[in-house]
Every structure is written in structure tokens, then in C-alpha cells.
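Student: Sequence first, predicted model second:
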Amino acid sequence: MKLRNFILASVFLGMCNVASAQTAKEKQLVIFKGTTDTAYNGKQLVLYNKITGDHDSVTVANGGFEIAVPYKEPARYMFYSKYELKKKGGYSPYGILISKPGTIHLKADMETLVNSVIADAPENELLSEFMKGGLPLRQQIQDKLKEKFGADVMEHLNQKDPKFPEIYQYYNELNEAGNKSEAERLGVFIKQHPDAFASLYLLNNMITVIPAEKAQFYYNELGKSYKTTSYSQSILKAIDAKKVTAIGKMAPDFEQPDTIGKMIKLSDFKGKYVLLDFWASWCVPCREENPNLVKAYAQYKDKGFTVLSVSLDQPGKKAAWLNAIHHDQLTWTQVSDLKFWNNAAAKLYGIQAIPQNFLLDKDGKIIAVNIKGEELDKKLQEIFRR
């Protein structure tokens, strides 16, 4: 993620029966009917949904396409254009929030899919309404970055830039402050739309930046319509995990294999200050944060500090995990069960986004959460000056 790119009669009776059957069938489908420029004939659009497990694709023909998937539960369906991916070497996924089966009409911009326009998706309109409300904040962050480092630097920023660590740290500070105001804005939105799936979706999406007590309050404000969905269960699990992993609590112990298969326990590190770090080789923000961890580890490892990193790499992707460890020069203990978001330790700690970390004292008590860059360095200075 580059920082500058700051974010659907008997014959008659027979026909009626067929129509009824088709209607019943269609009621169990989510159908995306799209149009686009005929210049994109032969180009593919890909649909995926991690919640429902759907993954499919469709090829544009005569300036149109249609893709249907079985309706399972309310969810956000994501799309990307293979044309955009090939042309730009990357893509911005386009999401459509759906709360019931039916047909969604999509006017697709295959070159920049996020500029597409949809109809017949009221929940998605609510989600867009909330997201648009956050645009001034994101613009403010961009403006502050340009003001401090220069518009030209931000326009051409890449990870090899000597200023990148400083810029990324400043961005994190601005973003953390912004998260607090966004959480308050979400509270207002939920109060206005307690029965909307968009409210529940947003709470689940933002749960990592909302304190447990406030998240529980927001959840209680929601209506009952969608509280049997997997999103609802995810919120409740995250709230429980937040309560267990709050500052002042003892960090829950766990055991996972390291890079050579040796089982490692968190409790093995008692007696040291430990930064429990959740990351993955595929996570760009994690990789951007790694130089800060390398610096902190080198400076304080001989004073009683260490890092235990838990990777959320995917099954069959051990080589990518090991290559990232080597490339980023991560010389501390690394563990993973290679189960992606189903990583047992990540589920225990309610991890729904990465990077995330927990700083533990010598007894295994949590003394800070999501502490990065200069903030981490200041905390370690404070600890080891005692």
C-alpha cells in the first residue's frame, strides 16, 4: 500500500410453475449484471468473498457480463479487473455490500474498477455514505504529510527512499489519532442506522481500533436483524479477546512451531520484555514496520528485550515466510502454524488486521498495545532507564 494513495390452461399453468421455480431459484442467488465499454470485450472480472468462500470470474462479451453466486449470508463481495492488474501491475479491489439475494446492476470501469457505479444495493449505499464522511480526514492526513515532507516527495515515495521510515512513522501517528475520531463517527452512524447490515459490517471492520467497552456498547445498540451472521460472531469474539488482552492483563499463553518445526511457547520468554508481533510476508504495512523492529531489537536485545513474531502466512507458503524473514533480517524467534487468518494465536488474541503487537513485561503482563516506531523506542528507553 503506497502512502500517497491514500483506501449489486395447462400450458399456462406449466409456464407459471416454471416461472415460480425460476423466481425461487433466483431468490437464492446474488446476481451481478454489468455493462462496460466494448473495448474491454474478452477481458476478465474476478469475484471473491473470503466470508462465503466464493471465487469466480467472468469474461466481458458485447460490452456486458453476468456472474451469479449462491446467497449464503450478508457479506461484501470483492471484485478486481485482470485488465487493470496487467496494465498497472496492481489493482484496487472494488467491494459491494449485499444483505440479501437479488440482482445488482454494475457499470464497470475495467481500467480503474473503484470508479465503477452500482444500483440496487441500498446497504452498499449506506456504506459508501459512511466512507465518504471519512474523506476529509484522509485528505487532512495527506495534506499534513505533504506539508511536512513536500508534495514531490509524497508523489514519488517508495520504500527505498531514505525518508520512508520517518514518513511511515508520521503517517501512523496521524492515522492513530484519526482512528479515534472515526470510532466516534461510527457510534453516531450506528445510532442512526441500528438495523442496517452496513452498521454491523463497519463495526466488525473497525473493531481493532475501538476499545472493548465502547465496542460492546456499539454492538448492544445494533438491532437483532443480523446478529446471527458470521460478522456478528466475529465482533463478539473480538470483544472477548480485547477484554482478555487489554493493558494490565496477563498475555494468554500459546504454542506454535518455529521455522524448523520446534514448538515454542510464549511463556518460554518470561523474564524478558517481549514484543509479541503479528505479521505476514504478504502484508505490506508489516514489512514497512519491520525496520523499526530490527532497530529496536538490535538496541535493546542485550538489556532484556526480545521479539516473538507470529506470522499469518498461508498454508503451503512457508517459503514466502522464510524468504521475508531473511530479506528483512529478522533475527529473533519466528513462529507460525501457516493457517492464514485461522492462525490459532491470532484467533486467541482477536487479530483481525495486521500488523498488531503487544508489549509484555517480564511477568508476561501486557503493558502496551500496537506500539510502533518512535513510540516503541520511547517506551523501551523508559523501561531500561529504570
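Tutor: Now that the structure is in, tell me what you want to look at.
Student: I'd like to know how far Thr36 sits from Thr306.
Tutor: Using Cβ to Cβ, to the nearest Å, we find Thr36 at a distance of 53 Å from Thr306. Any C-beta I mention is one placed from the backbone N, CA and C, and that applies to glycine too.
Student: Which of these two has more residues huddled nearby?
Tutor: Thr36 (23 against 14; other Cβ atoms under 10 Å).
Student: Check what pLDDT that one gets.
Tutor: Note for Thr36: predicted pLDDT of 97.
Student: Hmm, it is touching Phe65, no?
Tutor: Yes. Counting by Cβ atoms under 8 Å, Thr36 touches Phe65, with 7.4 Å between them.
Student: Common neighbours of these two, please.
Tutor: Ala108 (Cβ atoms under 8 Å, 6 or more residues apart in numbering).
Student: Quick check: buried residues in the helix ranked longest in the chain?
Tutor: In the chain, taking DSSP state H as the definition, the longest helix is helix 164-192. For helix 164-192, the neighbour count (16 or more other Cβ atoms under 10 Å) marks 164-165, 167-175, 178, 182-183, 185-187, 189-190 as buried.
Student: quick check: angle from the helix or strand just after it to helix 164-192?
Tutor: Per DSSP states H and E, the first helix or strand lying C-terminal to helix 164-192 is helix 197-206. With axes from the mean of the first three to the mean of the last three Cα atoms, to 10 degrees defining the directions, helix 197-206 sits at 150 degrees from helix 164-192.
Student: Okay, now the unreliable bits of the stretch 151-300 of the chain?
Tutor: 159 (pLDDT under 70).
Student: As a check, name the ranges of all helices in the stretch 251-386 of the chain.
Tutor: 284-300, 318-327, 344-348, 373-385 (DSSP state H, counting those that start in this stretch).
Student: so who does Asn172 touch?
Tutor: Lys372, Gly373.
Student: what's the distance between Cys371 and Ser267?
Tutor: Not Cys; residue 371 is Ile. For Ile371, the distance to Ser267 - Cβ to Cβ - is 21 Å.
Student: Who has more neighbours out of those two?
Tutor: Ile371 (18 against 12).
Student: Give the burial count for Glu213, as a bare number.
Tutor: 12.
Student: What residues sit buried inside stretch 121-128?
Tutor: So stretch 121-128, judged by 16+ other Cβ under 10 Å, has buried residues Ala121, Glu123, Asn124, Leu126, Leu127.
Student: Does the third one belong to a helix, a strand or coil?
Tutor: Per DSSP: H, G, I helix; E, B strand; the rest coil, the local secondary structure of Asn124 is helix.
Student: Make sure it is actually in contact with Leu97.
Tutor: Yes. The pair Asn124 / Leu97 is scored as a contact, 4.2 Å apart, by Cβ under 8 Å.
Student: which residues are common contacts for those two?
Tutor: Common neighbours of Asn124 and Leu97 (Cβ under 8 Å, 6+ apart) are Ala198.
Student: From Thr35, how far out is Arg185?
Tutor: 34 Å.
Student: For the helix or strand harbouring Ile67, which helices and strands make contact with it?
Tutor: Using DSSP H and E, Ile67 maps to strand 64-70. For strand 64-70, the elements it packs on are strand 29-35, strand 44-49, strand 54-59, judged by 3 or more Cβ pairs under 8 Å, 6 or more residues apart in numbering; DSSP states H and E.
Student: Run the chain-centre distance for the longest one.
Tutor: Chain-centre distance of strand 29-35: 25 Å, with Cα atoms, centre = their mean, to the nearest Å.
Student: got it, and the second one?
Tutor: Computed by Cα atoms, centre = their mean, the chain-centroid distance of strand 44-49 equals 18 Å.
Student: Identify all contacting residues around it.
Tutor: 32, 34, 54-60, 65, 67, 69, 75-83, 108, 110, 113.
Student: Try it again at 7 Å.
Tutor: Outside strand 44-49, the residues that touch it by Cβ atoms under 7 Å, 6 or more residues apart in numbering are 54-59, 65, 67, 69, 75, 77-82, 108.
Student: and what of the longest one?
Tutor: The set of residues that contact strand 29-35 without belonging to it, under Cβ under 7 Å, 6+ apart, is 8, 63-71, 77, 98, 101-108.
Student: by how many degrees do that strand and strand 64-70 diverge?
Tutor: 170 degrees.
Student: And for the last one?
Tutor: Taking the same axes, to 10 degrees, one finds that strand 54-59 is oriented at 160 degrees with respect to strand 64-70.
Student: What helices and strands are in contact with strand 54-59?
Tutor: strand 44-49, strand 64-70 (3 or more Cβ pairs under 7 Å, 6 or more residues apart in numbering; DSSP states H and E).
Student: unless I'm mixing things up, Glu123 is touching Lys100, no?
Tutor: No. Using Cβ atoms under 7 Å, Glu123 is not in contact with Lys100; the gap is 8.6 Å.
Student: Next, give phi and psi for the nearest residue to Thr112 once chain neighbours are set aside.
Tutor: Spatially, and ignoring its direct neighbours in sequence, Thr112 is nearest to Glu84 (6.6 Å; Cβ to Cβ, 6 or more residues apart in numbering). The phi and psi torsions at Glu84 (degrees, to the nearest 10) take the values phi -60, psi -40.
Student: same question, Thr112
Tutor: According to degrees, to the nearest 10, Thr112 has phi -140, psi 90.
Student: Could you measure from it over to Gly364?
Tutor: Spatial separation of Thr112 from Gly364 under the definition Cβ to Cβ is 48 Å.
Student: of the two, who's got more company?
Tutor: Gly364 (19 against 14).
Student: isn't the more buried one right up against Ala251?
Tutor: Yes. Using Cβ under 7 Å, Gly364 makes contact with Ala251 at a distance of 5.2 Å.
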